[in-house]
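**Student:** Build me a model from this:
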Amino acid sequence: MSRVFFALLSACALLVSGCATSASPTPSSSAAPVKLTVGLGYIPGVQFAPFYLAEQSGAYAAAGLEVSLQNQIDPDLISLVGSGALDLALADGTSMIPAVSQGIPVRYPATIYGVLPNVVIARTDAGIMSPADLAGKRVGTPGQYGSGYLTLLGILSEASLKVGDVSLNLYPDYGQTQALISGAADATTGYANNDLVQAKAAGVDVEVFYASAAAPFAGPGLISSPATIVSKRDAIRAFIAATLEAMRQIAANPTLGVDAAAKVVPEVAATAAARTNSLAVMKATVDVWAGPLQLSAGYGAISVEGWDTSISFMRGVPGQQVRDGLKASDIIDASLLP
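**Tutor:** Residues are numbered from 1 along each chain as shown. Below is the predicted model of the structure:
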């Protein structure tokens, strides 16, 4: 697979217009609030600050919404959204493609991460300065699934390597970053806005290989089901608008995000050191909210070409379930963007 094929997802993006229709006004704050149950990722933390801020500032309530935030693992979130048990969730694009291929009724109406945050982090003292140097090295990852593992495959492929060319160590308890810090692993999969920050804070000299340069995967975004979109269209549009506005506020002042997260997860700011670390994570998270497309078209914008390229890549990975004929239009619904 060529370097061109693995180009930055957003660099070749085709903007999908998210203009609202005249028949879909914002929910009135004078009416009874519309209840929305929203699933976030596995562990509450700074990365979910926009949702916390929008809730705590009253932005959701002002939009006529009563929002309940829950935490689940990514595959469960998609199933719960598809069944209608959750109205919305934040989910990986790499999880959406096999889900839709298997007939789970879910759609992706807004991008949250315009730059895929997945990276491979390598210790420089292990002699790893380029992806080719991963050959024969101990590489940690939670499991052979998801965007982290697919990112590793893409980075290895760019170096003409396969997963069998590395010593793959699985960390199902998500302890791969600590293994990297302790030296039990030479390299690991992780996130630029979390694991990389932790490794650097621990004083480890690392080389970083970014997914966006090697694996064309659509980043995590908001998902809902077609049935929920029909029944709660105005409310979902209002939720997306309020969340994107909270992202803009945090981008302008990352401390707002840390303060909002601390009200939900007090330990993120329990000490001066913890607060400093959380602020570093928040700033790194802001950095991956906007790729070139979002910088030009605004937060939330969706790339059609990026999704089609993601589908093509995953179709070529053994073991990935990708339906014949699946297209970006089968997954995305940009009609809810402000």
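
**Student:** use CA for all of it now, contacts and neighbours both
**Tutor:** OK.

**Student:** What mean pLDDT does stretch 249-258 get?
**Tutor:** Average pLDDT, stretch 249-258: 98.

**Student:** What are the contacting residues of that stretch?
**Tutor:** The contact list for stretch 249-258, computed with C-alpha atoms under 8 Å, 6 or more residues apart in numbering, reads Val46, Ala49, Pro50, Leu53, Val268, Ala269, Arg275, Ser278, Leu279, Met282, Lys283, Val286.

**Student:** and the last one, which of the three is it?
**Tutor:** Reducing the assignment at Val286 to three states with DSSP: H, G, I helix; E, B strand; the rest coil gives helix.

**Student:** Let me know the distance separating it from Gly219.
**Tutor:** From Val286 across to Gly219, the span is 14 Å (C-alpha to C-alpha, to the nearest Å).

**Student:** So Asp205 is in contact with Arg123, correct?
**Tutor:** Yes - using C-alpha atoms under 8 Å, Asp205 is in contact with Arg123, at 6.1 Å.

**Student:** Which of those two has more residues huddled nearby?
**Tutor:** The residue with more neighbours, out of Asp205 and Arg123, is Arg123; 21 against 15, by other C-alpha atoms under 10 Å.

**Student:** which ones are touching the nearest residue to that one once chain neighbours are set aside?
**Tutor:** Closest residue to Arg123 apart from its sequence neighbours, by C-alpha to C-alpha, 6 or more residues apart in numbering: Val206 at 4.6 Å. When the contact criterion is C-alpha under 8 Å, 6+ apart, the partners of Val206 are Ile121, Ala122, Arg123, Thr124, Ala199, Lys200.

**Student:** Sort out which residues of the lengthiest helix in the chain are buried, please.
**Tutor:** Assignment by DSSP state H gives helix 233-252 as the longest helix of the chain. Buried residues in helix 233-252, counted by 16 or more other C-alpha atoms under 10 Å: 233-251.

**Student:** what's the answer for stretch 38-54, then?
**Tutor:** Applying 16+ other C-alpha under 10 Å to stretch 38-54 flags 38-41, 45-54 as buried.

**Student:** same deal with stretch 69-85?
**Tutor:** Residues Gln70, Asn71, Gln72, Asp74, Leu77, Ile78, Ser79, Leu80, Val81, Gly82, Ser83, Gly84 are the ones in stretch 69-85 that count as buried (16+ other C-alpha under 10 Å).

**Student:** so how far is Gly183 from the closest residue to the second one other than its chain neighbours?
**Tutor:** It refers to Asn71. The spatial neighbour of Asn71 that comes closest, neighbours along the chain excluded (C-alpha to C-alpha, 6+ apart), is Leu40 at 4.8 Å. The span separating Leu40 from Gly183 equals 31 Å under the rule C-alpha to C-alpha.

**Student:** What of Gln56?
**Tutor:** For Gln56, the distance to Gly183 (C-alpha to C-alpha) stands at 41 Å.

**Student:** Please tell me I have it right and Gly291 contacts Val115.
**Tutor:** Yes - between Gly291 and Val115 a contact is recorded at 5.1 Å, counting by C-alpha under 8 Å.

**Student:** mind listing the helices for the protein?
**Tutor:** For the chain, helices defined by DSSP H occupy the ranges 49-56, 59-62, 74-83, 93-101, 146-158, 176-182, 195-201, 226-231, 233-252, 254-264, 272-287, 292-297, 304-315.

**Student:** possible to save the ones you listed as CSV with distance to Val322?
**Tutor:** Putting those into CSV (distance: least, C-alpha to C-alpha, whole Å) gives the following:
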stretch, distance to Val322
helix 49-56, 31
helix 59-62, 36
helix 74-83, 16
helix 93-101, 5
helix 146-158, 14
helix 176-182, 28
helix 195-201, 29
helix 226-231, 20
helix 233-252, 28
helix 254-264, 36
helix 272-287, 29
helix 292-297, 26
helix 304-315, 6
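
**Student:** and Ala262, what is it in contact with?
**Tutor:** Val46, Val268, Ala269.

**Student:** Domains of this structure: list them as residue ranges, please.
**Tutor:** For the chain, the structural domains run 9-115+218-336, 118-213, going by automatic domain parsing.

**Student:** rank these by mean pLDDT and give me the bottom one.
**Tutor:** The minimum mean pLDDT among the domains of the chain belongs to domain 9-115+218-336 (a mean of 89).
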